[in-house]
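In: curious how this folds, go ahead:
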Amino acid sequence: GTTEPAWARWSRGWTSEENRHGDLLNKYLYLSGKCDMRSIEVTIQHLITNGFNPGAQKDPYRGFLYTSFQERATKISHGNVGKLAKEYGASDL
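Out: Prediction:
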């Protein structure tokens, strides 16, 4: 939406930042030629089509709880991917 409450503005900002991460990874995979991009795009399409419900039930506290764990899990996951990439010769990551 385009409403102006602080929560709406923060949510749009966070969503746009998350989108940047996905775009960057997608471009790296495409330009490196190390992945079957058709399979990745089909998977992304299925994920978006099926939707996702973190179970926050319109409760901002549950939303914060979910995003707190999700952000930490993402940091750990990206760190592990970087270590594996370096181990297998992608030192630019």
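In: can you tell me the helix or strand for Asp23?
Out: helix 6-32 (DSSP states H and E).
In: downstream neighbour of that helix in the secondary structure list?
Out: helix 37-50.
In: any idea which helix or strand comes after that next one?
Out: Following helix 37-50 in sequence order, the next helix or strand is helix 60-87 (DSSP H and E).
In: residue ranges with poor pLDDT in this protein?
Out: For the chain, the stretches with pLDDT under 70 are 93.
In: one more time with 80
Out: 1, 90-93 (pLDDT under 80).
In: so what's Tyr61 up against?
Out: For Tyr61, no contacting residues are found, by C-beta atoms under 8 Å, 6 or more residues apart in numbering. (Glycine included, C-beta is placed from N, CA and C.)
In: for Thr43, same thing?
Out: Per C-beta under 8 Å, 6+ apart, neighbours of Thr43: none.
In: measure it to Cys35 for me?
Out: 11 Å (C-beta to C-beta, to the nearest Å).
In: one more: Arg72?
Out: Arg72 sits at a distance of 26 Å from Cys35 (criterion: C-beta to C-beta).
In: spatially nearest residue to Met37 (excluding sequence neighbours)?
Out: The shortest distance from Met37 to any non-neighbouring residue, by C-beta to C-beta, 6 or more residues apart in numbering, is to Tyr30 (5.5 Å).
In: kindly report the same for Pro60.
Out: Nearest one to Pro60, counting by C-beta to C-beta, 6+ apart, is Trp7 at 7.1 Å.
In: neighbours around the one you found, how many?
Out: 10 (other C-beta atoms under 10 Å).
In: is it true that it touches Phe64?
Out: No - using C-beta atoms under 8 Å, Trp7 makes no contact with Phe64, being 10.9 Å away.
In: residue contacts, Asp36?
Out: No contacts exist for Asp36 under C-beta under 8 Å, 6+ apart.
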